[in-house]
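# here's a sequence, model it:
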Amino acid sequence: MSSFRDYSGVYLGNHYSNRSVYSCFICYKLWHLYLAQGVFVGISFVMVFIPATFILPTWFDKRMATAMGITVGGAGLGGVVFSLSINKLIDTTGDQRWALRMCGIVTGSAATFAALILRPRKRINTPLKATLTKEFILANAKIMFNFKIFRRYPLAILALWFSVILMNYIILLFSLAPYAQSVGLSASQGSNITAILNAAQVVGRPIMGYFGDSIGRNNTSGLVSLTCSILILAFWINAKTYASLIGFSVLIGFIVGVGSTMAQSMAADLVEIPAHLPAAWSGLNILVGFFSLVAEVIALKLVNSSSKRQYLHPQIFTGVCFFFGFLLMMVNREWLVRRKLQTRRHALEEMSETDELEKEKDINQVQLGTYNRLLTPQHYFTRMFYPIRV
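Residues are numbered from 1 along each chain as shown. Next up is the predicted model:
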């Protein structure tokens, strides 16, 4: 009962998701689909996904990115299951009705089971009647929508990076199968390539999270963004056979989910006060919504149907955007390195005030001189590439 009270929004979102899927049976106009598969699915996704991911920071600190990687790795597993099973059901039954029924049943059951076992680490016992009061709702809304924290440019840059990376992810995911058909492969082969990409994400997202916690979340995100850019501009553009596209799908699948895996933990690294993390995570997802809205529209506009290489412009656009994401991460890296160096300098200054051996004081003075030099404006790019875990 307490689970239902605490996460009633998740159950309600799950209900809306199933209703929107089943309502597609009676849709006979385009605006019906806009409402059912667009508006209601979008609302239900927010109600299911956001509360569930808010729990992770209450349980994890040092391994937050790994935990998030395991959590969002389920998206890749769902992509494998649904991309293959839906096509099979449509081919078998001749229409989409049973495919939609299957989606509703499977997702509804899985989401209900997950909601039943959701538990925050430190549960606050608030009476149900109190949660329905105007004061309680306004107080929580003030916490969730405290967007003043985005006045600090590192958090604003992270929001832009997350949005650009998710936009690229959507373009890549929904353009890969049509691209395969444009180079002469069958629809079944295109579906298999997408399934392989999703299967690679199941393994790749937790591994990315582990490396992020080990060598630095910003370091990992910047490196992965650059690698995605290189793979798209050097590999995808030139991949025209089934085998080469499978290889590309495996490689890009391991790392293309970097946005969903790393964004929340990087937001936790940037906010000074842990209580600001809900507002940061909400703001990030709101901005992502705007970019996701236009992602596939941009891709379709860039497709040149009269050209032999129809998807060249979307490929270039996606590769350049990933490189832009890398540059954004480097700007944030300079800020994180500067903050860490300032912390170390402050610690050394405090140590120098205590009684120490003369030899230790000399060593500390040398280190202080190094930190003072690195923290000057002239060494901006030095800080950007300074070898340190951030």
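# now do the helices in the stretch 51-200 of the chain.
Ranges of helices within the stretch 51-200 of the chain are 56-59, 64-93, 97-116, 128-131, 134-144, 153-182, 187-215, based on DSSP state H, counting those that start in this stretch.
# can you report how many residues neighbour His379?
Using other Cβ atoms under 10 Å, His379 is surrounded by 15 other residues. No exception for glycine: its C-beta is placed from N, CA and C like everyone else's.
# so for it, what's the pLDDT?
At His379 the predicted local distance difference test score is 95.
# distance of it from Tyr386?
9 Å (Cβ to Cβ, to the nearest Å).
# try Ala234
Here Ala234 is placed at a distance of 28 Å from Tyr386 (Cβ to Cβ).
# what about the two, which has more around it?
A count of neighbours by other Cβ under 10 Å puts Tyr386 above the other of Ala234 and Tyr386, at 16 against 11.
# which SS class is the more buried one?
Secondary structure state of Tyr386, per DSSP: H, G, I helix; E, B strand; the rest coil, is coil.
# quick one: low-confidence residue ranges for the protein.
Per-residue confidence for the chain (pLDDT under 70) gives these ranges: 1-8, 123-132, 352-361.
# show me which helix runs longest in it.
The helix of greatest length in the chain, counted in residues with DSSP state H as the criterion, is given as helix 312-352.
# past that helix, which element shows up next along the chain?
Scanning forward in sequence from helix 312-352, with DSSP states H and E defining helices and strands, the next element found is helix 358-374.
# what is that next one packed up against?
Packing contacts for helix 358-374, counted by 3 or more Cβ pairs under 8 Å, 6 or more residues apart in numbering; DSSP states H and E, involve helix 312-352.
# rerun that using 10 Å as the cut-off
If you count contacts as 3 or more Cβ pairs under 10 Å, 6 or more residues apart in numbering; DSSP states H and E, helix 358-374 packs onto helix 312-352, helix 380-384.
# so what touches the last one?
To tie it back to what came earlier, the one meant is helix 380-384. When contacts are taken as Cβ atoms under 10 Å, 6 or more residues apart in numbering, the neighbours of helix 380-384 outside the stretch itself are 222, 329-338, 340-341, 373-376.
# the same query, at a cut-off of 6 Å, please.
330, 333-334, 337-338 (Cβ atoms under 6 Å, 6 or more residues apart in numbering).
# tell me which two of the residues you listed sit farthest apart.
Met330 and Arg338 (12.8 Å; Cβ to Cβ).
# quick one, which of the helices of the stretch 51-200 of the chain gets closest to Phe323.
Counting by Cβ to Cβ, Phe323 lies closest to helix 153-182 out of the helices of the stretch 51-200 of the chain; the figure is 10.2 Å.
# what angle separates the closest one from helix 312-352?
Comparing the axes of helix 153-182 and helix 312-352 via axes from the mean of the first three to the mean of the last three Cα atoms, to 10 degrees yields an angle of 150 degrees.
# buried ones in helix 153-182?
Neighbour-count burial for helix 153-182 flags 154-173, 175-180, 182 (criterion: 16 or more other Cβ atoms under 10 Å).
# can you list the helices and strands packed on helix 358-374 in TSV and add mean neighbour count and distance to Thr227?
Conversion of the helices and strands packed on helix 358-374 to TSV gives the following (neighbours: other Cβ atoms under 10 Å; distance: least, Cβ to Cβ, whole Å):
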stretch	mean neighbour count	distance to Thr227
helix 312-352	18	9
helix 380-384	14	18
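# so which of those comes closest to Cys228?
Within the helices and strands packed on helix 358-374, the stretch nearest Cys228 is helix 312-352; the backing value is 4.3 Å (Cβ to Cβ).
# skipping adjacent residues, who's closest to Leu302 in space?
By the measure of Cβ to Cβ, 6 or more residues apart in numbering, the closest residue to Leu302 outside its immediate chain neighbours is His313, 4.0 Å from it.
# what's the burial count for Val271?
Around Val271 there are 19 residues (other Cβ under 10 Å).
# ok, Phe113 - contacts?
Neighbouring residues of Phe113 by Cβ under 6 Å, 6+ apart: there are none.
# next, work out how far apart it and Cys103 are.
Between Phe113 and Cys103 the distance, using Cβ to Cβ, works out to 16 Å.
# cool, Ala268 as well?
Taking Cβ to Cβ as the criterion, Ala268 is separated from Cys103 by 33 Å.
# list the residues that contact Asp362.
So Asp362 contacts nothing (Cβ under 6 Å, 6+ apart).
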